[in-house]
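3D, please:
(2 chains)
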Number of protein chains: 2
Amino acid sequence: MHTDPDYSAAYVVLETDVEDGLKGYGITFTLGRGTEVVVCAVNALAPHVLNKDLGDIVGDFRGFYRQLTSDGQLRWIGPEKGVVHLATAAVLNAVWDLWAKQEGKPLWKLLVDMDPQTLVSCIDFRYITDVLTEEEACEEQMLAHGYPAYTTSCAWLGYPDATLKQLCSEALKDGWTRFKVKVGADLQDDIRRCRLIRNMIGPEKTLMMDANQRWDVPEAVEWMTKLAEFKPLWIEEPTSPDDILGHAAISKALAPLGIGVATGEQCHNRVIFKQLLQAKALKFLQIDSCRLGSVNENLSVLLMAKKFDIPVCPHAGGVGLCELVQHLIIFDFISVSASLQDRMCEYVDHLHEHFKYPVLIREASYMPPKDAGYSTEMKEDSVKRHRYPDGEVWKKLLTAQGN
Amino acid sequence: MHTDPDYSAAYVVLETDVEDGLKGYGITFTLGRGTEVVVCAVNALAPHVLNKDLGDIVGDFRGFYRQLTSDGQLRWIGPEKGVVHLATAAVLNAVWDLWAKQEGKPLWKLLVDMDPQTLVSCIDFRYITDVLTEEEACEEQMLAHGYPAYTTSCAWLGYPDATLKQLCSEALKDGWTRFKVKVGADLQDDIRRCRLIRNMIGPEKTLMMDANQRWDVPEAVEWMTKLAEFKPLWIEEPTSPDDILGHAAISKALAPLGIGVATGEQCHNRVIFKQLLQAKALKFLQIDSCRLGSVNENLSVLLMAKKFDIPVCPHAGGVGLCELVQHLIIFDFISVSASLQDRMCEYVDHLHEHFKYPVLIREASYMPPKDAGYSTEMKEDSVKRHRYPDGEVWKKLLTAQGN
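Below you'll find the model as predicted:
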C-alpha cells in the first residue's frame, strides 16, 4: 500500500528558559510527502505550548491534552485523527521527553515510579468510560529483564530465495526466534516465501504475517486460509484500519485455523481501540508511539488491553519508533500486564544511528534504556544534514533532480 | 464542542486551457485555524491534478480517486481521514464542478442522466465489498418536486426565551415544519428550551436534537431519557463520531423511547458508514459534501444506505454545504431512494450571499438548482475580500488585533 516510502519525521524541539538549557524532543514518523502538512499542523498547535510552564502542563496533563485535541477550531479538521493527531503526538512526545529529562529518568521509569492517581490524571477518558473509568484504571495493579523483540527486516515482498535465505540465516545466528513476513500482493509469491522461511526456522519458532491493509474482508479470509499451513501466529492489518466489524469477522473466521488478528499501527485513537476490544476483533494489539496522542493516549489503550486480557505487541521500525515505544512496552510489562505471554515488540534495524540514545538489542530483546528522557532526541548533525529542504542531503538530491 | 468557530473554507480553483476558460471550483468547510493546514494538504495533492486532461480523469474516475487517496507517501498521514481527506474533498469537488459545467448541467442532473455503469465506475469499492459490490450497485434501480428541508437556525445553546420565541414564530410563519435544537451542555437549559419550542410548534411538527459529540455512551442514554418527553425524532451526534459500537448501544437503548440516532457529519469515510449500517447504529444517515471524498465516496454511501433501507438526511450549513449537498440529495431522491419518507435536508440561512449560484428555498423545500456545475463557485468579490490573510476583511481584523 505504501509503495514509495521515503522515511521522514516531523521533529519538534521544545526549548526552555531554565539555566541548564533543557530541551524536549518530539517526533512523529511520516513517509515523505505530507511531512510539510504535519509540520504546518504542529505550527497551528504551537500557541497552546509556547510560553507555558512545564509544571503547569504536567500538573494538569489531562486538561492540556484536552486543550490540544479539542481546540475549538482545529478539532474540525480531525477530530483526533490524521494530520492533527500526528502533530499532537509530535508535540506531546516532546513534552514527555522534557518532563522525563527534568526528572532525570528514562520515560519508562518516570511512568513506573508514578503513583496511580498521577498516572491516571494524564489520561483523557472522554468517549471510553463505557469500557474503562478513572476509578477502575486506578485499581489496576502496578513489577526487570529485557523485553522480547521480533524482526521484520528479513521477509519483505518480492525478495528472491537467495536474499531470504541469507537474511534469515543471519537473523537465526543473531538469536532471533520470531519472524514476520509481508504478504498480500501475490498469493503464489507469498506461498513461496512463507514455505522457505518456515522450513528454515523450523516448526517451533514463531512466524507472523503482515498484509498492510491490502484486502477486503472476504478476500482476507480466503487468502489466509491458503496460508494457514505455514502456521502463522497472526495476520496483521488484513483490511482497512477503520473497519472494526471487518476485523471482528476476520478474527472469527480465522480462529479455527489458529490464526489471530493483529492490528493498531494505523488506528487513529483510543475510541477505535476500545471498539476493537469490545468486538473481539483482535488477539494482538499493536500500539504506535507516534500516531496516538503520545504517552497519554497510549496509557489509556494499555489499560483497556489489560482489562480485556489482550497482549500488547507494539508497532515499531520507521524513524525512531523503536526508540520511543520501548519505554511504553517496558512500562506495560512492569506496571500493567506483568506478563510476557504472547508479548513481543517489533524491531527493525534501521536509522538508529541518527539517534542520540539508540535502542540496545541483546539476544533478540530490547534492553531498558537508562538515559533520562523519551529517547526522542536526534543527533544534531543528522538533523542538520537531513533537514528538508535545506539540509546537505536534500540539497544534493534536489540539485540532482534539477529543482 | 466547537466553541469559537470562525466559518472558513479551503477553496480550490482548477483552471483549464480550453477556449471558453472553463474553471472548476471546489471547497471544503473549516472552522478557522487549521484552514492553512488543509491548504497545505491541497498543495501536496496538486501534482496529481496539474496538467491532467479532464477526460482522462473522469474516464477512469475510480482510478483517479484511488490515486489521490492512496498516494504512497501521503496515505500515511490519513489514510482517508482528517486533513488529507478534507483536501481530497476540496480537489474532487472542483473536478465534479468542472465536469458538470463542461456537460452544461447542474451536478445532480449529470448524475441522474448517467448510465449505471458510468455512475458505479466513479466509486472506489475497496473495503466495502463485504456489504456492497460493484455488481449489486449496478442493479440498484435508478423518478420532480422540491426536497424537504429543516432548520437549525433557531435553537442554539443558551438562547434566552424571548429570542427563541421570536426565531421560532418567524420560522413557523415562513412555513418551516421541522426544527432542530442543540442540546448537551446543561440539562436544565435543554429542558427549558425544548419545552418552549415543543409548546410553540405543537405536537404534530417535527423536533430533532443535536448533541455535537458531547457525551460518553452511558451519559447519552441517561440525558436523552430525560428529554424523551419532548418527543424528538432523533438525537444527532450523541458521542464520538468514531464510536460505531457506542452509537449502536445508544440506538438500542433509545429505540423503546421512539428516539432514533442520527450521525455522519464527522464520519470520515465510507468504511465508518458501512459499519454504522452493519451495526444498526443509526436510523438517519447524515452525509456531508465536504468531509467524504466528494461525490465519488458519497455515491457509495447513498447506495449502501439504500441497501440497508436507512434514510439519508444530509448535514448542511457551514460554508457552501447547502449549495453542494442539495445536488446529492436530489439525485438520491430521483435515482436511488425514490422516497421522501423520513427524509429531509438540513438548512441554515447563512453565507449564501457569497455564492454565485445560491440555494433557493421555497416553502421549506430546496428547489433543484438549474445552473451548470456543483454550485461551488463563490463571487469573485467575496473571495477577494475574505481571503486570508491579505483580503480587506482580514487586513482590518489583523490591524485591529495589532498584528
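
could you use CA atoms for every contact and neighbour count after this?
Fine.

hey, where'd the helices end up in the stretch 101-250 of chain A?
A:107-113, A:116-120, A:134-139, A:161-173, A:187-201, A:217-227, A:244-254 (DSSP state H, counting those that start in this stretch).

quick one, what contacts residue A:358?
Applying Cα atoms under 8 Å, 6 or more residues apart in numbering or on different chains to residue A:358 gives the contacts A:323, A:352, A:375.

mean neighbour count, distance to residue A:330 and mean pLDDT for the helices of the stretch 101-250 of chain A - can I get that in CSV?
Shown next, in CSV, are those (neighbours: other Cα atoms under 10 Å in any protein chain shown; distance: least, Cα to Cα, whole Å; pLDDT from 0 to 100):
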stretch, mean neighbour count, distance to residue A:330, mean pLDDT
helix A:107-113, 22, 6, 88
helix A:116-120, 17, 15, 87
helix A:134-139, 14, 18, 76
helix A:161-173, 15, 23, 91
helix A:187-201, 17, 27, 95
helix A:217-227, 18, 32, 97
helix A:244-254, 23, 27, 98
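
any chance of these in CSV with distance to chain B as columns?
As requested, the helices of the stretch 101-250 of chain A are exported to CSV (distance: least, Cα to the nearest Cα, whole Å):
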stretch, distance to chain B
helix A:107-113, 26
helix A:116-120, 18
helix A:134-139, 13
helix A:161-173, 25
helix A:187-201, 19
helix A:217-227, 6
helix A:244-254, 6
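
surely residue A:320 and residue A:376 touch.
Yes. Assessed by Cα atoms under 8 Å, residue A:320 is found in contact with residue A:376 at 6.9 Å.

that older thread, and of the contacts of residue A:358, the nearest to chain B?
For the contacts of residue A:358, the residue nearest chain B by Cα to the nearest Cα is residue A:323; the value is 19.9 Å.

tell me which element that closest one falls in.
Here residue A:323 sits within helix A:321-331, counting by DSSP states H and E.

turn the helices of the stretch 101-250 of chain A into JSON lines, columns for distance to residue B:86.
JSON lines is the format used below for these (distance: least, Cα to Cα, whole Å):
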{"stretch": "helix A:107-113", "distance to residue B:86": "35"}
{"stretch": "helix A:116-120", "distance to residue B:86": "34"}
{"stretch": "helix A:134-139", "distance to residue B:86": "34"}
{"stretch": "helix A:161-173", "distance to residue B:86": "41"}
{"stretch": "helix A:187-201", "distance to residue B:86": "35"}
{"stretch": "helix A:217-227", "distance to residue B:86": "26"}
{"stretch": "helix A:244-254", "distance to residue B:86": "22"}
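
which among those helices is found nearest to residue B:135?
Among the helices of the stretch 101-250 of chain A, the nearest to residue B:135 by Cα to Cα is helix A:217-227 (15.8 Å).

residue of the stretch 301-403 of chain A nearest chain B, please.
For the stretch 301-403 of chain A, Cα to the nearest Cα, closest residue to chain B: residue A:318, 11.5 Å.

what strand or helix carries that residue?
Counting by DSSP H and E, residue A:318 is found in no helix or strand.

hang on, it packs against residue A:7?
Yes. Applying Cα under 8 Å, one finds residue A:318 in contact with residue A:7, separated by 6.6 Å.

ok, which stretches of the stretch 1-150 of chain A are strands?
A:8-15, A:23-30, A:147-151 (DSSP state E, counting those that start in this stretch).

swap in the stretch 251-400 of chain A?
Listed in chain order, the strands of the stretch 251-400 of chain A (DSSP E, counting those that start in this stretch) span A:260-263, A:284-285, A:345-347, A:361-362, A:365-366.

adding mean neighbour count and mean pLDDT, write these out as TSV.
As requested, the strands of the stretch 251-400 of chain A are arranged in TSV below (neighbours: other Cα atoms under 10 Å in any protein chain shown; pLDDT from 0 to 100):
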stretch	mean neighbour count	mean pLDDT
strand A:260-263	26	98
strand A:284-285	26	98
strand A:345-347	24	93
strand A:361-362	16	90
strand A:365-366	22	92
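
save those as a markdown table, and put in distance to residue B:22 too.
Output for these, formatted as a markdown table (distance: least, Cα to Cα, whole Å):
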| stretch | distance to residue B:22 |
| --- | --- |
| strand A:260-263 | 46 |
| strand A:284-285 | 51 |
| strand A:345-347 | 52 |
| strand A:361-362 | 61 |
| strand A:365-366 | 60 |
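
output the lowest mean pLDDT helix or strand found in chain A.
Least confident helix or strand of chain A, by mean pLDDT, DSSP states H and E, is helix A:134-139 with a mean of 76.

dump stretch A:299-306 to PDB, restricted to CA.
What follows is stretch A:299-306, C-alpha atoms only, in PDB (Å, rounded to 0.1, in the frame of the first residue of the first chain):
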ATOM      1  CA  LEU A 299      -1.700   4.700  28.600                       C
ATOM      2  CA  SER A 300      -5.500   4.500  28.100                       C
ATOM      3  CA  VAL A 301      -5.000   1.800  25.500                       C
ATOM      4  CA  LEU A 302      -2.600  -0.200  27.700                       C
ATOM      5  CA  LEU A 303      -5.100  -0.200  30.500                       C
ATOM      6  CA  MET A 304      -8.000  -1.200  28.300                       C
ATOM      7  CA  ALA A 305      -6.000  -4.000  26.800                       C
ATOM      8  CA  LYS A 306      -5.200  -5.300  30.300                       C
END
